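Visitor: Give me coordinates for this.
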Amino acid sequence: KRDLQSKRFRNIFADNPQIVIPKVYRELSTRNMIVQSFEEGLNFHAFKVRATSQEKSDAALLIAYFQTFAFVKHSVIHADPHPGNFLFRGKQVIFLDFGRIIDFEEHEVKAEVQLYKDLLESRKDKVISHFHQSGIIDHPETFDFESFWSVLLLQETHHLEAQFQITKDHLKKINLAMRS
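Guide: Residues are numbered from 1 along each chain as shown. This is a model prediction of the structure:
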């Protein structure tokens, strides 16, 4: 199954040379072991130490693009994006281990995209409605949405800024909002 998922993602990103997904050799693979093309690259920890701030930023944007594009355009996500599943080589990110993939229905993707739009435009009533309809909040009658909204805005408003850096002051504001 992993080999088919890996091939699926290779096809999705075939035209993007910055996204590398190793080729699976089915004829050499077994039920318990997948044989893939060898891809040279730095592991997450080595990359974190050696890369410049710009390289880290570029890699983070590429990983976010990978997840967002797959979700919005193909209704699928790589559901195991931990540091061990990435290698870094120049301007490329190598994505590994496609054992955890989640497929979504088209209506689920549309609803999630609309939620993000509503969040970015601070449409509180629409966000509340989405949370109620989706079942994200088990007991809406007892949920403190005002506090949640305050924390959410503090965490999410950085998407509206050209440059954003998490500072101690930013974390203090989030912490205070969570306590109130």
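Visitor: pLDDT-wise, which helix or strand of this protein ranks last?
Guide: Within the chain, no helix or strand scores below helix 168-179, which has a mean of 60 by mean pLDDT, DSSP states H and E.
Visitor: Can you get me a residue count around residue 101?
Guide: 18 (other C-beta atoms under 10 Å). The C-beta positions use only the backbone N, C-alpha and C, and glycine is treated the same way.
Visitor: cool, the one 4 residues further on as well?
Guide: Residue neighbour count, defined by other C-beta under 10 Å, stands at 9 for residue 105.
Visitor: Starting from residue 117, give me the distance back to it.
Guide: For residue 105, the distance to residue 117 equals 19 Å [C-beta to C-beta, to the nearest Å].
Visitor: try residue 123
Guide: Taken as C-beta to C-beta, the span from residue 123 to residue 117 is 8 Å.
Visitor: which of the two has more neighbours?
Guide: Between residue 123 and residue 117, counted using other C-beta under 10 Å, the more crowded position is residue 123 (15 against 11).
Visitor: mind listing what the more buried one touches?
Guide: The contact partners of residue 123, by C-beta atoms under 8 Å, 6 or more residues apart in numbering, come to none.
Visitor: ok, it to residue 116 distance?
Guide: 11 Å.
Visitor: List the buried residues of stretch 107-117.
Guide: If you call a residue buried by 16 or more other C-beta atoms under 10 Å, then stretch 107-117 has these buried ones: 109, 115.
Visitor: ok, now stretch 4-21?
Guide: 5-6, 8-10, 12-13, 19-21.
Visitor: do the same with stretch 143-154
Guide: 148-152, 154.
Visitor: Then stretch 42-60?
Guide: Neighbour count says stretch 42-60 has 42, 47, 58-59 buried, by 16+ other C-beta under 10 Å.
Visitor: now the helices: where do they sit in this protein?
Guide: Counting by DSSP state H, the chain has helices at residues 2-12, 44-50, 53-74, 106-120, 124-134, 145-156, 168-179.
Visitor: which residues are contacting the second one?
Guide: Helix 44-50 is touched from outside by 42, 55-56, 59, 83-84, 86, 88, with contacts defined as C-beta under 8 Å, 6+ apart.
Visitor: For those, could you give me CSV that also reports distance to residue 136 and pLDDT?
Guide: Listed next are the contacts of helix 44-50 as CSV, based on distance: C-beta to C-beta, whole Å; pLDDT from 0 to 100:
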residue, distance to residue 136, pLDDT
42, 37, 98
55, 35, 95
56, 31, 93
59, 30, 94
83, 27, 91
84, 29, 92
86, 28, 95
88, 34, 98
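Visitor: Pick out the most distant pair among the residues you listed.
Guide: 55 and 84 (19.3 Å; C-beta to C-beta).
Visitor: Cool, thanks, talk later.
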